[in-house]
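**Q** Predicted model, plus sequence, below.
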Amino acid sequence: MTLDIAWVRAQFPAFSTQSLAGQGFFENAGGSYTCRQVIDRLTRFFTERKVQPYAPYAASELGGAEMDEARLRLAAMLGVETHELSFGPSTTQNTYVLANAVRQWLPKGAAIVVTNQDHEANSGPWRRLTDEGIEVREWKLDPETGSLRHEDLAALLDDKVRLVCFPHCSNVVAEINDVAAITAMAHDAGARVCVDGVSYAPHGLPDVGALGPDVYLFSAYKTYGPHQGIMVIREDFGFELPNQGHYFNGDSLYKRFTPAGPDHAQVAASAGMADYFDALSVYHGGPVGAEAARFSHDLMRAQEVTLMEPLLDYLASRNSVRLLGPRVASQRAPTVAVELAGSGEEAARRLAPFGINAGGGDFYAVRPLTALGVDLDKGVLRLSFVHYTEAAEVDRLIDALDQVL
């Protein structure tokens, strides 16, 4: 089944906005456009439901029901139980709160494993545990390829390791890590697993239940929704960790790691993401509900792989450009970071007059870029897209790169 790109783009109001006409958006790794299903729900909540939810009057009951709907439907699409999904202000803050719970949970002499392939949000909070006497072991990426080798993790695992933290894919390397295999390795060694899915989830919601990690985190504003962090924490681990919420909410798994109250409107609007995945699936002849997420995932990935191939071919032909991560499109997300002779930010600035919206810098990926030998003063040029990108936009990007490089 081929993705109907015209139908897809019709679901995103940004593409019919005059101010964005003629602009190729290649900064999706920093945040995607929002689908109209989310915008409609957010508008309705602010106009019709902007009251304290869960009280016994109509507007309040409807507001609470929409918040519950978001958790119910998204959890099903992620292959987990409803109460195992929680919302927070951002993935960075969700990780910070989780790390504080882990700090209280870890016994003296324990160790954790982190990588230097991660965005700092899934690295820094864990590394700070050294201040509490926890041993932090680094699973180092291959400095030539950027890959995380499984044999290197195996050498780090022993009976002291209680937690392994790694990304589904890096926001600069973009190689898709084998979450199921890595999780199985860690579990066999008696460790829990925390996966940062921020850079993967925009390319199709994963089946977290099938992959098996104890924690999976991603950001709704990168999966076509509002600015919320979404965290899956499996029940057995969630109740094993100390409660981080109000003491009287300790029996509620989805409240245990949310010290502040929820953003009612944005949580409710997140159900619009489920609306979109359902609609995408049904329009292309697929199912609704949990299976719609699987069907949509495969459609989205197929589109992205097709779009990536000419761009990767072009970059491989340029001797002055170093592509970070895999050369094979099927092995990576379409977050294409390249090291140039000059500044990545300057290259992005020079692309802008061609209608190419891209970014340059370190993207909070200081550790992986340093490990790969990238000059942080120059950073990288990052060209990131998702399934709603058109082939013609990639062609325009390549033409613009040809002139700028």
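**A** Okay, I see it. Numbers count the residues shown, from 1 in each chain.
**Q** and the closest residue to A76 other than its chain neighbours, how many neighbours does it have?
**A** Using C-beta to C-beta, 6 or more residues apart in numbering and skipping residues adjacent in sequence, the residue nearest A76 is A290, 4.4 Å away. In this view, the C-beta of every residue, glycine as well, is placed from N, C-alpha and C. Per other C-beta atoms under 10 Å, the neighbour tally for A290 reads 18.
**Q** Could you do Y200 as well?
**A** Y200 has 26 nearby residues by other C-beta under 10 Å.
**Q** Likewise for V51?
**A** Around V51 there are 17 other residues, counting by other C-beta under 10 Å.
**Q** That one and F237, how far apart?
**A** Using C-beta to C-beta, to the nearest Å, we find V51 at a distance of 35 Å from F237.
**Q** Just say helix, strand or coil for A392.
**A** Put simply, A392 is helix when judged by DSSP: H, G, I helix; E, B strand; the rest coil.
**Q** Tell me who's in contact with V80.
**A** Applying C-beta atoms under 8 Å, 6 or more residues apart in numbering, we find V80 in contact with 208-209, 232, 234.
**Q** doesn't it fall inside a strand?
**A** No: counting by three-state DSSP, V80 is not part of a strand but coil.
**Q** what about it, distance to E175?
**A** Separation of V80 from E175 (C-beta to C-beta): 25 Å.
**Q** Same question for S270.
**A** Distance from S270 to E175, counting by C-beta to C-beta: 28 Å.
**Q** Look at the two and report which has more neighbours.
**A** Higher neighbour count among S270 and E175: S270, with 28 against 21, using other C-beta under 10 Å.
**Q** Give me the pLDDT for that one.
**A** With respect to pLDDT, S270 has a value of 98.
**Q** ok now do it, which residues does it touch?
**A** Contacts for S270 (C-beta under 8 Å, 6+ apart) come out as 38, 70, 74, 87, 220, 225-226, 228, 230.
**Q** One more: R332?
**A** 169, 174-176, 308, 325-326.
**Q** swap in E61?
**A** Applying C-beta under 8 Å, 6+ apart, we find E61 in contact with 53-55.
**Q** hang on, the earlier thing: among the contacts of S270, which are located in helices?
**A** Secondary structure from DSSP state H places 38, 70, 74 of the contacts of S270 in helices.
**Q** Let me have the residues you listed in TSV, adding pLDDT, distance to G22 and neighbour count as columns.
**A** Output for the ones in helices among the contacts of S270, formatted as TSV (pLDDT from 0 to 100; distance: C-beta to C-beta, whole Å; neighbours: other C-beta atoms under 10 Å):
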residue	pLDDT	distance to G22	neighbour count
V38	98	25	26
A70	98	34	26
L74	98	34	25
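**Q** Name the nearest of those relative to G245.
**A** Looking at the ones in helices among the contacts of S270 and their distance to G245, the nearest is A70, at 18.7 Å (C-beta to C-beta).
**Q** Could you check how far that closest one is from S270?
**A** Taking C-beta to C-beta, one finds A70 at 4 Å from S270.
**Q** Next, show the common contact partners of these two.
**A** Residues within reach of A70 and of S270 at once, by C-beta under 8 Å, 6+ apart, are F87.
**Q** Would you format the contacts of V80 as TSV with secondary structure, distance to Q117 and neighbour count included?
**A** Below are the contacts of V80 laid out as TSV (DSSP: H, G, I helix; E, B strand; the rest coil; distance: C-beta to C-beta, whole Å; neighbours: other C-beta atoms under 10 Å):
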residue	secondary structure	distance to Q117	neighbour count
V208	helix	20	26
G209	helix	24	18
V232	strand	21	25
R234	coil	23	21
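**Q** which among the residues you listed gets closest to A392?
**A** For the contacts of V80, the nearest to A392 is V208 (34.5 Å; C-beta to C-beta).
**Q** Tell me who's in contact with the closest one.
**A** By C-beta under 8 Å, 6+ apart, the neighbours of V208 are 78-80, 216, 232.
**Q** what's the offset of the longest strand along the chain from the middle of its chain?
**A** For the chain, the longest strand by residue count, based on DSSP state E, is strand 161-167. On the basis of C-alpha atoms, centre = their mean, to the nearest Å, strand 161-167 sits 17 Å off its chain's mean C-alpha point.
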